[in-house]
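J.: Structure of the sequence below:
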Amino acid sequence: AALMKLLRERRKRRLGCVVALDERSTAPKSSEQFCEWVYRWLEQGGSRCTFIIGGADGLPGEVKAESDVAASQRALVNHFMSLSPLTFTHKIARLLLVEQLYRASEIRKGTPYNK
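T.: Got it, this is the predicted structure:
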């Protein structure tokens with residue numbers, strides 16, 4: 001309920017580009033591609049990007065339903081992506097996402113972290 005309220009008020013809350021992690025969606029083919037996506041989303045969101053990770057029951061139905069709607073018609077989420085075709089717990093998904101966000105920032109800076 002709190003997530004849905006937050007998403008409905010997203011402009012007021014300044015969430016920027018909203019990306020929902022969903023196992024049915026496309027996963028980036030590499031960390032470099034993820035980096036490209038993240039920085040495109042940051043540009044779209046005015047330097048802000050909010051990621052949504054489902055809980056034990058997955059994403060709320062209203063959010064999942066938007067994955068079948070054209071991006072221009074979505075009210076709650078801008079993009080959907082998958083971390084992997086594998087299933088992870090919420091905590092592991094958060095850990096993977098944070099590590100990949102850090103890796104994306106290092107790729108963007110050109111540091112050797114990604115090697």
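
J.: From now on I want contacts and neighbour counts done on CA atoms only, so please keep to that.
T.: Fine.

J.: Nearest the geometric middle of this structure, what residue?
T.: For the chain, the residue nearest the mean C-alpha position is residue 19 (3.3 Å; Cα atoms, centre = their mean).

J.: Assumed that one was part of a helix.
T.: No - assignment of residue 19 by DSSP: H, G, I helix; E, B strand; the rest coil gives strand, placing it outside any helix.

J.: for it, what are its contacts?
T.: 49, 50, 51, 52, 77, 78, 79, 80, 81 (Cα atoms under 8 Å, 6 or more residues apart in numbering).

J.: Recalculate using a threshold of 6 Å.
T.: When the contact criterion is Cα atoms under 6 Å, 6 or more residues apart in numbering, the partners of residue 19 are 51, 78, 79, 80.

J.: Assign the first one to helix, strand or coil.
T.: In three-state terms, and counting by three-state DSSP, residue 51 is strand.

J.: any idea how far it lies from residue 111?
T.: 25 Å (Cα to Cα, to the nearest Å).

J.: now the contacts of residue 19 in a markdown table, with secondary structure and neighbour count?
T.: Converted to a markdown table, those look like this (DSSP: H, G, I helix; E, B strand; the rest coil; neighbours: other Cα atoms under 10 Å):
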| residue | secondary structure | neighbour count |
| --- | --- | --- |
| 51 | strand | 18 |
| 78 | coil | 22 |
| 79 | strand | 18 |
| 80 | strand | 22 |
